[in-house]
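Colleague: Got a predicted model here, sequence first, then my questions.
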Amino acid sequence: MWKPISRAQLPADTVELARFLIGGCLVRNSIEGVTTGRIVETEAYPIGDSASHAFKGPVPRAQAMFLNLGHAYVYLIYGSSYCVNVVSEQAEIGAAVLIRALEPLAGIEIMTARRRGARRIDLARGPGRLTAAMAIDSTFNGLDLCAAGPLFLSEHENAAATVKRSCRIGLTRNADARLRFYEAGSAFLSGPKYLSP
DNA sequence: TTGGCGATTGGCT
DNA sequence: GCCAATCGCCAAT
């Protein structure tokens, strides 16, 4: 029913991949059932970006960023929230795209239970919220997202009509770079409204 | 060993 | 809109 995307379809460039992923689909196959979401917001962390965890080289935490295109980089932030990224360059380079928000599609009830009854609009609006809704944690770090398994990217079902860009959210270093991408008009975006006109 | 800080969230004003 | 919670990581001691 849901088919993993082939690696050859993914642009091997961080900024291009961040734009490409808008409108794509993330699929989570768990013991509780299948949950899926349409990607509506991403951020690029390209080569040489001082805000990237890969900026200082392959330190232990960021090692998964140095895997090949299409693998997962998952880390814990602020002690409580996981963030999931798609590795965006060839092996040993070190760059990724953060998935910041999903439009919930299948398995709404499962996601609602995981998110303690949050409204549908808030289920996967924000990087930590979407990992909670999809039950993604550090055990997924390094997983190939282009292969059938518990978590993968699938073919686009509804292409985004209009993709816009803004500066990224929550950063101190390199905070002015306009490396956030979002689907214009989506009701499922995170961050302050003025960043999503 | 220790202290400060983070690609955030949720609750309260 | 503001702010505390929370804990792994890393740089400095």
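Modeller: Right, received. Where do you want to start?

Colleague: ok, is stretch A:172-190 in contact with DNA strand B or not?
Modeller: Yes: judged by CB under 7 Å from any atom of the strand, stretch A:172-190 comes into contact with DNA strand B through A:172, A:173, A:190. No exception for glycine: its C-beta is placed from N, CA and C like everyone else's.

Colleague: So which of the residues you listed belong to strands?
Modeller: Members of the residues of stretch A:172-190 next to DNA strand B lying in strands (criterion: DSSP state E): none.

Colleague: Return the closest of those with respect to DNA strand B.
Modeller: Using CB to the nearest atom of the strand, residue A:172 comes nearest to DNA strand B of the residues of stretch A:172-190 next to DNA strand B, at 4.3 Å.

Colleague: mind listing what the closest one touches?
Modeller: residue A:51 (CB atoms under 8 Å, 6 or more residues apart in numbering).

Colleague: Wait, residue A:178 touches residue A:195, no?
Modeller: No: using CB atoms under 8 Å as the test, residue A:178 is too far from residue A:195 to be in contact (10.2 Å).

Colleague: Tabulate the residues of stretch A:172-190 next to DNA strand B (CSV), appending pLDDT.
Modeller: Converted to CSV, these look like this (pLDDT from 0 to 100):
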residue, pLDDT
A:172, 91
A:173, 92
A:190, 97
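
Colleague: OK, contacts around the closest residue in space to residue A:26 that isn't next to it in sequence?
Modeller: Spatial nearest neighbour of residue A:26, excluding adjacent residues (CB to CB, 6 or more residues apart in numbering): residue A:37 at 5.3 Å. Applying CB under 8 Å, 6+ apart to residue A:37 gives the contacts A:25, A:26, A:102, A:103, A:104, A:105, A:124, A:130, A:133, A:134.
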